[in-house]
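Engineer: Next come a sequence and a model predicted from it.
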Amino acid sequence: MATTRRVAPFAEFGRQDVGLVGGKNASLGEMTAHLAAAGVRVPPGFAVTADAYGELLDGHGLRARIEEQIARLYDGAALDEVGAGIRSMIMAEPLPAGLRTEIVSAYEQLARDQGREDPEVAVRSSATAEDLPQASFAGQQDTYLNVRGPAELLLSCHRCYASLFTDRAIDYRERMGFDHLAVALSVGVQVMVRSDLAGAGVIFTLDPESGFPEVVVVSAAWGLGETVVSGQVDPDEYTVFKPSLKDPVLDPVIDIRIGAKRKKAVYGEHGRTRSVDTTGEERSRCVLTNTEVRQLAEWSMTVEAHYGCPMDLEWAKDGLTGELSIVQARPETVQSRRRTTTLRRCRLTDIPQKSLVEGIAVGEAIGSGPVVVLDSPVDLDRFPTDGVLVTGITDPDWEPVMKQASAIVTDHGGRTSHAAIVSRELGVPAVVGTGQATKVLRNGQNATVSCAEEPVAGSTQGCWPTRSARPISLNSLPPGPA
């Protein structure tokens with residue numbers, strides 16, 4: 001496709017265009033162009049390219065002014081002051097007239113294709129440095145949901161540009177050694193799936209814990225999918241055996257675990273979301289039927305076969321139409337790159353009769369240290385090296401602290417939550433979905449978090465008062481199934 005276009009429909013680009021439309025949009029384009037014929041449903045939309053972002057920066061000397069603000073960081077200026085200054089400058093710079101015209105024109109065409117006036121859309125940031133092998137920029141920029149009408153759409157796109165310079169995004173690029181102005185931003189505009197009226201979640205085309213490749217694991221919760229990704233809820237989890245999918249008679253769903261699902265995310269104001277309590281009936285009921293789980297598993301295997309590697313996908317169900325859709329896909333980056341020549345195991349040499357808290361074990365290691373109970377991220381110098389991080393949930397703001405922790409314990413979340421995924425990437429043991437860790441564990445208390453033991457007397461793995469641990473390394477043994 002021509003690199004001078006400001007706006008392009010999903011079907012006109014693919015995964016080779018990450019430099020132009022960013023990781024998220026490139027994936028949506030790839031699936032739209034190549035997998036729709038195989039039945040994989042992807043909501044339609046278009047991308048505002050990275051070239052359009054460059055056009056904004058080059059107008060009225062904005063790029064040079066941002067560089068001046070960044071330089072202040074190295075002179076001792078506060079990060080929040082610099083970030084706020086850059087975001088204000090971006091929002092004060094009008095979008096180029098040609099860009100505004102093309103965005104509105106693409107939106108009007110989307111409306112005609114949908115057969116309705118001013119359809120609701122999701123407006124998502126898509127950085128050109130996303131999903132790199134050495135760094136993931138996922139979650140660093142903003143997303144706006146349920147955006148309707150040209151004026152609101154243009155404002156949301158403008159806000160996405162400014163979100164490239166949130167405090168956490170600036171800090172992340174600094175720590176990863178990226179040039180702030182070398183990372184560009186594309187914006188994806190996609191027809192909304194009304195999952196606020198149904199459910200959404202995550203799919204892995206292997207077991208996210210063991211790496212076992214013959215299963216598909218689907219997580220599901222009521223409402224918008226952000227509760228599953230962030231770990232705000234303990235979702236349902238369905239395990240599908242891939243070989244059984246080939247037989248129309250066999251039921252491939254080999255395990256169903258109903259999560260608590262105490263909260264759900266619904267639409268809020270100005271493109272944001274809000275959290276509400278679920279009903280007792282919703283908490284006890286499965287989000288998906290077995291037929292729907294099978295459909296998602298078949299689609300995910302189609303995507304996996306096309307990409308040629310294990311995949312991490314996001315799905316959503318429209319509560320108005322009942323239709324399922326795939327709304328995001330990216331290569332799985334932890335288990336698929338894991339070395340299979342060495343299996344490292346740890347074992348507690350002295351296990352107490354009763355654990356302090358219990359939950360879902362993530363990883364195969366043991367960590368110990370003083371408990372640090374936090375409600376929000378803190379400066380790194382306030383978090384002790386090898387402390388045990390205990391909190392409700394985590395998001396990208398927590399990652400600097402998580403990298404310094406010896407173990408992580410959360411009240412909420414499942415195996416596909418942010419805390420679980422990042423702890424696997426870091427090789428840090430975690431116990432998620434404990435329900436009460438922030439209430440039970442005390443600051444300064446020495447604790448051991450084990451994800452390496454068999455359940456004791458029917459309990460799950462969890463957190464104990466500190467005991468000695470003995471690591472065991474076994475060479476030349478591949479990891480087996482969970």
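Structural biologist: Sure thing, it's come through.
Engineer: The residue nearest to residue 120 when sequence neighbours are not counted: neighbour count?
Structural biologist: Once flanking residues are discounted, residue 120 sits nearest to residue 192: 4.2 Å by C-beta to C-beta, 6 or more residues apart in numbering. All C-beta atoms are positioned from the backbone trio N, CA, C, and that covers glycine. When counting by other C-beta atoms under 10 Å, one arrives at 22 neighbours for residue 192.
Engineer: how far away is residue 192 from residue 9?
Structural biologist: Between residue 192 and residue 9 the computed distance is 17 Å (C-beta to C-beta, to the nearest Å).
Engineer: what do you get for residue 295?
Structural biologist: Here residue 295 is placed at a distance of 25 Å from residue 9 (C-beta to C-beta).
Engineer: And for residue 112?
Structural biologist: In this view, residue 112 and residue 9 are 13 Å apart by C-beta to C-beta.
Engineer: ok, now residue 59?
Structural biologist: If you measure residue 59 against residue 9 using C-beta to C-beta, the figure is 25 Å.
Engineer: Name the residue in the two with the higher neighbour count.
Structural biologist: Between residue 59 and residue 9, residue 9 has the larger neighbour count (other C-beta under 10 Å), namely 17 against 14.
Engineer: Is the closest residue to the more buried one other than its chain neighbours part of a helix or strand, or is it coil?
Structural biologist: Nearest non-adjacent residue to residue 9, counting by C-beta to C-beta, 6+ apart: residue 46, 4.8 Å away. Using DSSP: H, G, I helix; E, B strand; the rest coil, the structure places residue 46 in strand.
Engineer: What is the burial count for residue 46?
Structural biologist: With other C-beta under 10 Å as criterion, residue 46 counts 28.
Engineer: was I right about it contacting residue 10?
Structural biologist: Yes. At 6.4 Å, residue 46 counts as touching residue 10 under the criterion of C-beta atoms under 8 Å.
Engineer: shared neighbours, these two?
Structural biologist: Where contact means C-beta atoms under 8 Å, 6 or more residues apart in numbering, no residue is in contact with each of residue 46 and residue 10.
Engineer: Can you give me every residue that contacts the residue nearest to residue 9?
Structural biologist: 7, 8, 9, 10, 106, 110, 188, 189.
Engineer: Would you check that the third one makes contact with residue 105?
Structural biologist: No. Between residue 9 and residue 105 no contact is recorded; they are 11.5 Å apart, counting by C-beta under 8 Å.
Engineer: Report the beta-bridge partners for residue 315.
Structural biologist: Beta-bridge pairing for residue 315 (DSSP bridges): residue 201, residue 326.
Engineer: hang on, isn't it packed against residue 326?
Structural biologist: Yes. With contact defined as C-beta under 8 Å, residue 315 counts as touching residue 326 (5.6 Å).
Engineer: and the two? which has more neighbours close in?
Structural biologist: Taking neighbours as other C-beta under 10 Å, residue 315 and residue 326 compare with residue 315 leading, 29 against 25.
Engineer: The more buried one and residue 18, how far apart?
Structural biologist: The gap separating residue 315 from residue 18 is 22 Å, by C-beta to C-beta.
Engineer: can you list the weak-confidence ranges in the chain?
Structural biologist: In the predicted model of the chain, residues 1-4, 129-140, 271, 335-353, 379-380, 453-482 satisfy pLDDT under 70.
Engineer: Show me it divided up by domain.
Structural biologist: According to automatic domain parsing, the chain is divided into the following domains: 7-191, 195-337, 342-475.
Engineer: can you give me the end-to-end distance of the longest one?
Structural biologist: Between the start and the finish of domain 7-191 there is a gap of 16 Å, counting by C-alpha to C-alpha, to the nearest Å.
Engineer: Show me the helices in the stretch 251-400 of the chain, by range?
Structural biologist: Counting by DSSP state H, counting those that start in this stretch, the segments of the stretch 251-400 of the chain that form helices are 280-284, 290-307, 399-404.
Engineer: So for residue 205, which of those sits nearest?
Structural biologist: For residue 205, the closest of those is helix 290-307, at 4.4 Å, according to C-beta to C-beta.
Engineer: Could you list the residues in contact with that closest one?
Structural biologist: Residues contacting helix 290-307 (C-beta under 8 Å, 6+ apart): 15, 30-31, 34-35, 38-41, 203, 205, 216, 218, 238, 240, 242, 245, 251-253, 288, 310-311, 313, 315, 317, 324, 326, 329, 331.
Engineer: Please identify the buried residues of that helix?
Structural biologist: 292-304, 306-307 (16 or more other C-beta atoms under 10 Å).
Engineer: C-alpha coordinates for that helix, PDB please?
Structural biologist: Extracted in PDB, the C-alpha atoms of helix 290-307 (Å, rounded to 0.1, in the frame of the first residue of the first chain):
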ATOM      1  CA  ASN A 290     -19.800 -25.100  24.800                       C
ATOM      2  CA  THR A 291     -20.800 -24.300  21.200                       C
ATOM      3  CA  GLU A 292     -19.500 -20.800  21.500                       C
ATOM      4  CA  VAL A 293     -16.300 -22.000  23.100                       C
ATOM      5  CA  ARG A 294     -15.800 -24.500  20.200                       C
ATOM      6  CA  GLN A 295     -16.300 -21.700  17.700                       C
ATOM      7  CA  LEU A 296     -13.700 -19.500  19.400                       C
ATOM      8  CA  ALA A 297     -11.300 -22.400  19.600                       C
ATOM      9  CA  GLU A 298     -11.700 -23.200  15.900                       C
ATOM     10  CA  TRP A 299     -11.100 -19.500  14.900                       C
ATOM     11  CA  SER A 300      -8.100 -19.300  17.100                       C
ATOM     12  CA  MET A 301      -6.600 -22.400  15.500                       C
ATOM     13  CA  THR A 302      -7.200 -20.900  12.100                       C
ATOM     14  CA  VAL A 303      -5.400 -17.700  13.200                       C
ATOM     15  CA  GLU A 304      -2.500 -19.800  14.700                       C
ATOM     16  CA  ALA A 305      -2.100 -21.800  11.500                       C
ATOM     17  CA  HIS A 306      -2.000 -18.600   9.400                       C
ATOM     18  CA  TYR A 307       0.600 -16.900  11.600                       C
END
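Engineer: how distant is it from the center of its chain?
Structural biologist: Distance, stretch centre to chain centre, for helix 290-307: 19 Å (C-alpha atoms, centre = their mean, to the nearest Å).
Engineer: May I have the beta-bridge partners of the residue nearest to residue 24 when sequence neighbours are not counted?
Structural biologist: Using C-beta to C-beta, 6+ apart and skipping residues adjacent in sequence, the residue nearest residue 24 is residue 126, 3.9 Å away. Beta-bridge partners of residue 126, counted by DSSP bridges, are residue 186.
Engineer: ok, residue 126 - how many residues close by?
Structural biologist: When counting by other C-beta under 10 Å, one arrives at 27 neighbours for residue 126.
Engineer: Now do whichever strand or helix holds residue 108: distance to the chain's middle.
Structural biologist: Remark: residue 108 resides in helix 97-114, with elements defined by DSSP states H and E. Once both centres are worked out by C-alpha atoms, centre = their mean, helix 97-114 turns out to sit 29 Å from its chain's centre.
Engineer: What helices and strands are in contact with it?
Structural biologist: Helices and strands touching helix 97-114, by 3 or more C-beta pairs under 8 Å, 6 or more residues apart in numbering; DSSP states H and E, are strand 7-9, strand 45-48, helix 50-58, helix 150-162, strand 185-191.
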